[in-house]
Structures are given as C-alpha cells and as structure tokens.
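Participant: A structural model of the following input is requested.
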Amino acid sequence: MLAHFIHRISKRKSKPFLTINCAAIPEELLESELFGYSKGAFTGANKTGKRGLIESADGGTVFLDEIGEISLALQAKLLQVIQDKQFIPVGGSEMKKVDIRIVAATNQNLIEMVNDKRFREDLFYRLNVIDIQLPPLRERKEDIIPLTYNFLNKFNERYHENKVISEECLNLLIHYSWPGNVRQLENLIERLVLISDSVILMSDLPEMITENVEQVTQIDLPTSLDKALDETKRILIRKSYQTYKSSRKVAKDLSISQTKASALIREYCEDLMNK
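Facilitator: Residues are numbered from 1 along each chain as shown. Just a heads-up that it's a prediction; the model follows:
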C-alpha cells in the first residue's frame, strides 16, 4: 500500500505500477518473470518469447516485495538495471533499455545478510537511497482504531451493511499483538462485518484473538466504560494532532467542533504542543 501510494503521488503515476513477491516464485522462474525471455530460451518457453515485469513497467514503478529472498546471481542482474538502466532477457543477446523506479521491501535484516555475504553490498546501497522503517502494528497501537474504522467503512459499503463496533471490542483489538499486521486487521474486520449482528461485540471475535489477549486485558484493559472511552478519545486526539498540528484541522478530521477539539488538545496533547 505504501509503495502504491508513493507511485500515485509521483511523476510516474500515469505509467504502470507492477509488483512481484520474490519469495512466492521459485528461483528458477523468478529471473524470467522479472527480465522476460527470448523465443526458444528454454524448454516449454513461449515460442514468441515473453516481456518481463521490468520491461512492462518501463516509465513506471516496480515493487519488489521480499527482496531479501533473491539469489546472488539475480542480485547482480538487478544491480545492472539500477546502475545502467539496461538488461538482457533470459536466453537473449539484445540489450534492452528501461527507465523504472524500484521500491523494495523486506522483513529481513539486510545489513546482517550483507555481513554474511548473502546479499550484495553494492546492491544494498543502491537500493537504500531512501529508507522507510515501517513498524509492526503492535508498536503503533494508536493506528489500530483509525484503521479499524477505515476498514469498517470499507466493508460496510462493499456489503451494503451499517455495522458498528462496540467500545469493549475496540479495546480488545488495541491489546492484541497483530502478528499479521494491517492485513490481519483488515481480514478480521471483513469477517466481522459479514458474521456479526448490527453491533460487533467481543463474542464475535475469533478465539485466536480473545485467548491471546486474555492475560493482557486482565491487567491493562480499562475497568470501566468511562475509562475505556477516555483511552479511545486520548488515542484519537493525539493521533490527529500529531498529523495536523491545528485545532481547526483536528476538528474537521474527527468531525467535532473546533472548541471541543481545542479543549481535547489541551487535555491530551500538552507534551506534543511543546515540541
């Protein structure tokens, strides 16, 4: 989603955005998927050859997910594309020119892989022009409620529903560890919209989540509805203020009056106001 957003706000937005999961394709096929192949390159190849992802995205953006999974040989070929903007398809002899932006992602420690000689140092530094660290969802709990409402609106609209979620359920979601990150949250909300009654309750949540947070919620979950509402309010107002830095914009973001937004900012964001 972040890679697609980068493409949409760039000068390349009218050109293709193509993505490939490097871990999902066998190594022997990944090279031909990326760089294409010439006719007769190997047994079973298309008689006319095939354009690869990189050539198809000329002028646009290629998103390489799980970049740490590619072989050293393929890393060398990718480095040539980045440095020289050219490559040779599998089984070919003609050099092809391309102009692409590469966005790469990984959950591995590439610096350790470089030290272990499993990832080329020169490729790492050519890719690492701008480094964006995306923390797991469990480390940015203030995002859970906004994301939940975003997905709730999305699936309500898709399935022509008008489901709402209880405060008790929201607080449980905040305390869950989310090993599957945002995708797991999105899939959960879609499920809840489909199976719940008009109000999504804790009883609608799968055991995988309720059992995982049982120990935590006994310690950390607010002991009253007032405290739960206060915590939700605090998270929302701090998140909005960190983004907009203006009571007028916060009021618009949260659909409240500017007077109320100003009061909430003074109550919950004093430490942020001094920064």
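
Participant: Below-threshold pLDDT in this protein: ranges please.
Facilitator: By pLDDT under 70, the weakly predicted segments of the chain are 40-48, 214-224, 274-275.

Participant: That one: strands as residue ranges?
Facilitator: Along the chain, counting by DSSP state E, strands occupy 17-21, 61-65, 86-87, 96-97, 101-104, 164-165, 199-200.

Participant: Note down every partner strand of the third one and its orientation.
Facilitator: Okay, so that is strand 86-87. strand 96-97 (antiparallel) (DSSP bridges).

Participant: Give me the distance from the partner strand to the chain's centre.
Facilitator: 31 Å (CA atoms, centre = their mean, to the nearest Å).

Participant: Name the residues that touch it?
Facilitator: With contacts defined as CB atoms under 8 Å, 6 or more residues apart in numbering, strand 96-97 is touched by 55, 85-89. (Glycine included, C-beta is placed from N, CA and C.)

Participant: circling back to that earlier point, highest average neighbour count across the strands of the chain: which stretch is it?
Facilitator: Of the strands of the chain, the one with the most neighbours on average (mean count of other CB atoms under 10 Å) is strand 61-65, at a mean of 22.

Participant: doesn't Val193 make contact with Asn156?
Facilitator: Yes: using CB atoms under 8 Å, Asn156 is in contact with Val193, at 6.2 Å.

Participant: Give me the more crowded residue out of these two.
Facilitator: Between Asn156 and Val193, Val193 has the larger neighbour count (other CB atoms under 10 Å), namely 21 against 15.

Participant: Contact partners for that one?
Facilitator: Per CB under 8 Å, 6+ apart, neighbours of Val193: 152, 155-156, 159, 161, 163, 200.

Participant: which pair in those spans the largest distance?
Facilitator: The span of these, defined through CB to CB, is set by Tyr159 and Ile200 at 13.3 Å.

Participant: Name the residues contacting each of Asn156 and Val193.
Facilitator: Residues touching both Asn156 and Val193 by CB under 8 Å, 6+ apart: Lys163.

Participant: Kindly list the longest helix within this protein.
Facilitator: Ranked by residue count under DSSP state H, the longest helix found in the chain is helix 225-244.

Participant: Could you tell me how far that helix lies from the centre of the chain?
Facilitator: Taking CA atoms, centre = their mean, one finds helix 225-244 lying 23 Å from the centre of the chain it belongs to.

Participant: and it, what other elements does it pack with?
Facilitator: Judged by 3 or more CB pairs under 8 Å, 6 or more residues apart in numbering; DSSP states H and E, the packing partners of helix 225-244 are helix 144-158, helix 167-175, helix 247-254, helix 258-268, helix 270-273.

Participant: could I get that helix in PDB with only the CA atoms?
Facilitator: This file holds the C-alpha atoms of helix 225-244, laid out as PDB (Å, rounded to 0.1, in the frame of the first residue of the first chain):
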ATOM      1  CA  LEU A 225     -16.700   2.100  30.200                       C
ATOM      2  CA  ASP A 226     -15.700   5.700  31.100                       C
ATOM      3  CA  LYS A 227     -12.100   4.700  31.300                       C
ATOM      4  CA  ALA A 228     -12.300   2.800  28.000                       C
ATOM      5  CA  LEU A 229     -13.900   5.800  26.300                       C
ATOM      6  CA  ASP A 230     -11.300   8.100  27.700                       C
ATOM      7  CA  GLU A 231      -8.500   6.000  26.400                       C
ATOM      8  CA  THR A 232     -10.100   5.800  23.000                       C
ATOM      9  CA  LYS A 233     -10.500   9.600  23.000                       C
ATOM     10  CA  ARG A 234      -6.900  10.100  24.000                       C
ATOM     11  CA  ILE A 235      -5.600   7.900  21.200                       C
ATOM     12  CA  LEU A 236      -7.700   9.500  18.600                       C
ATOM     13  CA  ILE A 237      -7.000  13.100  19.600                       C
ATOM     14  CA  ARG A 238      -3.200  12.500  19.900                       C
ATOM     15  CA  LYS A 239      -3.000  10.800  16.500                       C
ATOM     16  CA  SER A 240      -5.000  13.500  14.800                       C
ATOM     17  CA  TYR A 241      -3.000  16.300  16.500                       C
ATOM     18  CA  GLN A 242       0.400  14.700  15.600                       C
ATOM     19  CA  THR A 243      -0.800  14.600  11.900                       C
ATOM     20  CA  TYR A 244      -2.400  18.100  11.600                       C
END
